[in-house]
Structure formats: structure tokens, C-alpha cells
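task: produce atomic coordinates for the following.
(one chain, ligands or ions: 1)
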Amino acid sequence: MAYVRSVPRAWRERQNKYRLIGGTCKDCGKTFYPYRGICPVCGSSNVEAKKLPETGTIETFSVVRTPPTEFTGQAPYVVALVRLDDGTLVPAQITDVEPEEVQVGMRVEAVFRRYREQGEKGIIEYGIKFRPVVNLESK
Ligand SMILES: [Zn+2]
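Residues are numbered from 1 along each chain as shown. Predicted structure coming up:
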């Protein structure tokens, strides 16, 4: 969760991990996810954390059938590039749906899930995933 650690302290204390936090570069204007202190586009450190919209559309995706070992047991699963409603591209796993039901253009919303647990200290990592928006009125 390096991106959480690198968020400025005062700001970090107000947010919790169940939000979609990206960064905006004040020099080139690009917004990106996850948050990091250096703009991945122009290299500027003039970056501000930004709450991103939690809904978007699947732009591309692929089905992972042979995952890295720590994700064994979850396969097959879908990883996608999600175009958020503000235009930011977010790489994320798609959840709560069968891989064969995922389509380009599908509307999705962010959910936060525990995605792996690590040995000795029992470090649990949380990560963002997206699930299909089935019915806006049922939310
Ligand atoms: Zn930049």
C-alpha cells in the first residue's frame, strides 16, 4: 500500500482506505491511479491527491487463467482497464461476475476487497476491484 503511505499526512488522516484515491499533476494536468508523489507522465513532483469517481466503464480486459502464486485459487479472474467517469484509467480486477459475462463498455463500480494475506505478520492487503453496476436504483 505504498501509495497510501505517500499521501501527505494531514490529508491521509481524513481519508480512509475505502476510497479511490488518485493523483492529479498540477504541471501537465493528468490524473492517474494509484496516487504517487511523482507524475508518471511528466515526472513532476507537483502532484496532488484526488478522490476519483467510483464508477466507470470497462475499456479493455483479459481473463487470467494462470495467475502468480499468491493469487492461486482465484483463477480464472478478469483484469481490466476501467475508464472512470472523469477519464482516468485504472487497472483493476473485476469481481462478482463470471469471466464470460464481462464485456467492453460494461458499467462498473469500485468495491474494496481483501485480496491477499501474507505470512508471518499476517499483513492483509486491501485493494480496489470493480464489479458490474447491475441496477442503479437498487443501490
Ligand atoms: Zn505531469
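
the ion contacts on this structure?
Taking C-beta under 5 Å from the ion as the criterion, the neighbours of the ion within the chain are 25, 27, 28, 39, 41, 42, 44. Just so you know, the C-beta spots here come from the backbone N, C-alpha and C atoms, and that holds for glycine as well.

with neighbour count and pLDDT added, can I get those in JSON lines?
Below are the residues of the chain next to the ion laid out as JSON lines (neighbours: other C-beta atoms under 10 Å; pLDDT from 0 to 100):
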{"residue": "25", "neighbour count": "20", "pLDDT": "97"}
{"residue": "27", "neighbour count": "13", "pLDDT": "97"}
{"residue": "28", "neighbour count": "12", "pLDDT": "97"}
{"residue": "39", "neighbour count": "21", "pLDDT": "96"}
{"residue": "41", "neighbour count": "13", "pLDDT": "94"}
{"residue": "42", "neighbour count": "12", "pLDDT": "97"}
{"residue": "44", "neighbour count": "14", "pLDDT": "97"}
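
now those residues as CSV including secondary structure and distance to residue 52?
Shown next, in CSV, are the residues of the chain next to the ion (DSSP: H, G, I helix; E, B strand; the rest coil; distance: C-beta to C-beta, whole Å):
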residue, secondary structure, distance to residue 52
25, strand, 14
27, coil, 19
28, coil, 17
39, coil, 16
41, coil, 16
42, coil, 19
44, coil, 19
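
how's the chain carved up into domains?
As given by automatic domain parsing, the domain ranges for the chain are 2-51, 55-138.

pick out the shakiest of these, pLDDT-wise.
Lowest mean pLDDT within the domains of the chain: domain 2-51, at a mean of 79.

name all residues that make contact with the residue lying closest to residue 61 once chain neighbours are set aside.
Spatially, and ignoring its direct neighbours in sequence, residue 61 is nearest to residue 80 (3.6 Å; C-beta to C-beta, 6 or more residues apart in numbering). Listed by C-beta atoms under 8 Å, 6 or more residues apart in numbering, the contact partners of residue 80 are 58, 59, 60, 61, 62, 91, 92, 93, 94, 102, 108, 130.
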